[in-house]
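Enquirer: Below is the sequence, then the predicted model.
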Amino acid sequence: MTTHGVATTEPAWVRRLLIGVALAFLALFLFVPLAAVFFEALKKGLGVYLAAISEPDALSAIKLTLIAAAISVPLNLVFGVAAAWSITKFDFRGKNLLLTLIDLPFSVSPVIAGLIFVLVFGLQGWLGEWLRDHDLKIIFALPGIVLATIFITFPFVARELIPLMQAQGIEQEEAARVLGAGGWQTFFRVTLPNVKWALLYGVILCNARAMGEFGAVSVVSGHIRGQTNTMPLHIEILYNEYQFAAAFAVASLLAGLALVTLAIKFFVERRGGVGGPAAADGVGQR
Amino acid sequence: MFLSRALLKRHSVLPGFDLALGFTLFYVALIVLVPLSAAFLKTFTMTWPAFWSAVTAPRVLASYRLTFGASFAAAAVNAVFGLIVCWVLVRYEFPGRRFVDALVDLPFALPTAVAGIALTALYADNGWIGQWLPFKVSFTPLGVFMALTFIGLPFVVRTLQPVLQDLHKETEEAAATLGASRWQTFTRVIFPVVTPALVTGFALAFARALGEYGSVIFIAGNLPLISEITPLIIITKLEQYDYAGATAIAVVMLVASFAMLLAINGLQAWTRSRQGR
């Protein structure tokens, strides 16, 4: 033991004990479940695995998940940028109220998120009869799945951008304007390069959540096999039919997506894009 | 033009306020406000006795007890172990620390259904962990608690981390110089500073657990009165086309969530004031 720093650290046995307790806790709740997904997926061999992820129902679930994410993520990206621009670059009345409203979907249960769209667009809902008369299907079809996904992933991009853009202030944009840059020029040449890593992480996290959403989509999808089943719903059906290897095979694709998401976060944080002082609020981390 | 005249507190040389805020408000209204108000308006079509009997049926009351109780227990366990994990990640060097740090966010990124089936497989009677335990975890309230602990794990760690990183070593050195033992320094100097963040992390984990559905339903077994969570009751009522009953329970949960949101906003303000920001 060196004498330097002895007063502000713990004895070696305490350090080892705490590291042991922390790693044991994380192993029990994180590492072992993650490993179990891949183990169970491959338990019956690579043939079963490949068959499970290439059968028609699985492929249609993958396709639907990709389509739903491809619609909802760009919409939330545009919203996130617009919200962050107005909130961080301008001083206006009602800003705190707007911030709370943006956070709201985080605190609403996914099941309730699905329910509210059923109440608006379902057959007994506000627009139900009008939609039926015009032969439009929202609930138990793609639009409902997209709406529920948008609701659940609504705050991610905005919440990643707002703390960073707040910390960066508006001096650079003002300088660009004074030097004669147009509005869009200022945004694309000055603002966007400053926030690109946080934006990337926000989009990636939004995408991971969009592809993995279960509760909200479960309420609005109607579970029509081969038609309105997303990947998480397909996993549920396979699991309830005791096709465990197949369920875990599809699950392993989503677990892989989660790992890629974490890897990108790791990379982005090393670039110093996110995790600035404003991130101490605990925002943007959900 | 209307928005900038009505809301802007001072003129800005930057453009795009009307477009950006206009789109933001339109989108928030369309996606969040209008659908959420549908839930509250739906309950107004019910009589008060009908509403009351829907939200206080014995099966529903049992689900509140389970949902709130298991969420509280899971958040409490996360507060204790989250503090230890965070302390270890911030203060100590050990092989694989950065890797472990990155993986803490796994519950944010892993779809809840995937977490649900993985935990169920582990804690089933013949699972990796379940076969060694003398008691049942899968299909009991204990299983609900395990799933909610998984879901809430990152909140405490990620809320505490910046606060622990910013802690000044000088104050600890001063305490040591004045004769405090390491334990005294921790309980009297460090702990009071991190308490607001710890409580905030606890509240975030608790709020998230209240509404959780995907990771719980596989491991819970969903036995009425025993291991049935409130979000599942909402789903069951929807499947029986009892929209009013489902919405009544949803409104009770929404009110609880909004109360938590307000409490968390207050706690975050407290955290910032403690840190002197």
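Expert: That came in fine, so what should we check first?
Enquirer: List phi and psi for A:Phe92.
Expert: Taking degrees, to the nearest 10, you get phi -140, psi 160 for the backbone angles of A:Phe92.
Enquirer: close to chain B, is the helix or strand harbouring A:Val250?
Expert: Under the criterion of DSSP states H and E, A:Val250 resides in helix A:244-270. Yes - against chain B, helix A:244-270 shows contacts by CB under 8 Å from any CB of the partner chain at A:244, A:247-248, A:251, A:254-255, A:257-259, A:261-263, A:265-266. Where you see a C-beta, it was placed from the backbone N, CA and C, and this is true even at glycine.
Enquirer: ok, now stretch A:128-138?
Expert: No - shown here: stretch A:128-138 not in contact with chain B (CB under 8 Å from any CB), separated by at least 10.7 Å.
Enquirer: Counting neighbours, which bits of that stretch end up buried?
Expert: A:Gly128, A:Leu131, A:Ile138 (16 or more other CB atoms under 10 Å in any protein chain shown).
Enquirer: average model confidence for the host helix or strand of the second one?
Expert: This means A:Leu131. Using DSSP H and E, A:Leu131 maps to helix A:128-133. On average, the pLDDT along helix A:128-133 is 85.
Enquirer: just stretch A:238-251 next, same as before
Expert: 93.
Enquirer: Which parts of the chain are strands?
Expert: Chain wasn't specified; assuming chain A. For chain A, no strands are identified by DSSP state E.
Enquirer: oops, I was thinking of chain B
Expert: Under DSSP E, chain B gives no strands.
Enquirer: So the residue nearest the centre of it versus B:Pro107, what's the distance?
Expert: By CA atoms, centre = their mean, chain B has its centre lying nearest to B:Arg208, at 2.5 Å. According to CB to CB, to the nearest Å, B:Arg208 and B:Pro107 sit 9 Å apart.
Enquirer: pLDDT value on B:Phe206, please?
Expert: At B:Phe206, the pLDDT value in this model is 94.
Enquirer: Could you do A:Phe188 as well?
Expert: On pLDDT, A:Phe188 comes in at 91.
Enquirer: show me where the stretch 151-286 of chain A has helices.
Expert: Counting by DSSP state H, counting those that start in this stretch, residue ranges of the helices within the stretch 151-286 of chain A are A:156-168, A:171-178, A:183-186, A:192-212, A:215-221, A:231-240, A:244-270.
Enquirer: how about low-confidence regions in the chain?
Expert: With no chain named, the answer covers chain A. Chain A contains residues with pLDDT under 70 at A:1-7, A:272-286.
Enquirer: wrong chain, I was asking about chain B
Expert: In the prediction, chain B carries residues with pLDDT under 70 at positions B:1, B:275-277.
Enquirer: For the closest residue to A:Asp91 other than its chain neighbours, list the residues it contacts.
Expert: Using CB to CB, 6 or more residues apart in numbering or on different chains and skipping the chain neighbours, the partner closest in space to A:Asp91 is B:Lys9 (4.5 Å). For B:Lys9, the contacting residues are A:Asp91, A:Phe92, A:Arg93, by CB atoms under 8 Å, 6 or more residues apart in numbering or on different chains.
Enquirer: The last one and B:Arg10 touch, don't they?
Expert: No - using CB atoms under 8 Å, A:Arg93 is not in contact with B:Arg10; the gap is 11.4 Å.
Enquirer: burial count for the closest residue to A:Leu199 other than its chain neighbours?
Expert: Excluding the flanking residues, the one nearest A:Leu199 by CB to CB, 6+ apart is A:Leu161, at 6.3 Å. Other residues lying near A:Leu161 total 26 when counted by other CB atoms under 10 Å in any protein chain shown.
Enquirer: shouldn't A:Leu161 be in contact with A:Trp197?
Expert: No - between A:Leu161 and A:Trp197 there is no contact under CB under 8 Å: 10.8 Å.
Enquirer: so does the longest helix seen in chain A get close to chain B?
Expert: Ranked by residue count, the top helix of chain A under DSSP state H comes out as helix A:56-89. Yes - with CB under 8 Å from any CB as the criterion, chain B is reached by helix A:56-89 at A:Val78, A:Phe79, A:Ala82, A:Ala83, A:Trp85, A:Ser86, A:Lys89.
Enquirer: residues contacting the fifth one?
Expert: Neighbour list for A:Trp85: A:Met165, A:Phe187, A:Thr191, B:Gly16, B:Ala20 [criterion: CB under 8 Å, 6+ apart].
Enquirer: neighbours of the fourth one, just the number please.
Expert: By the measure other CB under 10 Å, the count of residues near B:Gly16 is 19.
Enquirer: you'd agree it is up against A:Gly183?
Expert: Yes - with contact defined as CB under 8 Å, B:Gly16 counts as touching A:Gly183 (5.4 Å).
Enquirer: coming back round to it: OK, contacts around the residue nearest to the centre of chain B?
Expert: A:Phe106, A:Arg286, B:Ile151, B:Gly152, B:Phe155.
Enquirer: Recalculate using a threshold of 10 Å.
Expert: A:106-107, A:109, A:286, B:71, B:74-75, B:107-108, B:148, B:151-152, B:154-155, B:257, B:260 (CB atoms under 10 Å, 6 or more residues apart in numbering or on different chains).
Enquirer: From the chain's centroid, how far away is stretch A:41-61?
Expert: 25 Å (CA atoms, centre = their mean, to the nearest Å).
Enquirer: List the buried residues in it.
Expert: Going by neighbour count (16+ other CB under 10 Å), the buried part of stretch A:41-61 is A:Ala41, A:Lys44, A:Val48, A:Tyr49, A:Ala52, A:Ile53, A:Asp57, A:Ala58, A:Ser60, A:Ala61.
Enquirer: before we move on, what about stretch A:9-28?
Expert: Of the residues in stretch A:9-28, those buried by neighbour count under the rule 16+ other CB under 10 Å are A:Thr9, A:Glu10, A:Arg15, A:Leu18, A:Ile19, A:Ala22, A:Leu23, A:Phe25, A:Leu26, A:Leu28.
Enquirer: Quick check: phi and psi at the second one.
Expert: I take that to be A:Glu10. Torsion angles, degrees, to the nearest 10, at A:Glu10: phi -100, psi 160.
Enquirer: That one and chain B, how far apart?
Expert: A:Glu10 sits 6 Å away from chain B, taking CB to the nearest CB, to the nearest Å as the criterion.
Enquirer: OK, contacts around the closest residue to A:Ala141 other than its chain neighbours?
Expert: The shortest distance from A:Ala141 to any non-neighbouring residue, by CB to CB, 6+ apart, is to A:Thr228 (6.4 Å). Taking CB under 10 Å, 6+ apart as the contact definition, A:Thr228 lies against A:60-61, A:64, A:137, A:139-142, A:144-145, A:217, A:220-222.
Enquirer: same deal with B:Asp18?
Expert: Applying CB under 10 Å, 6+ apart, one finds that B:Asp18 lies in contact with A:Ser86, B:Met1, B:Phe2, B:Leu3, B:Ser4, B:Arg5, B:Leu7, B:Leu8.
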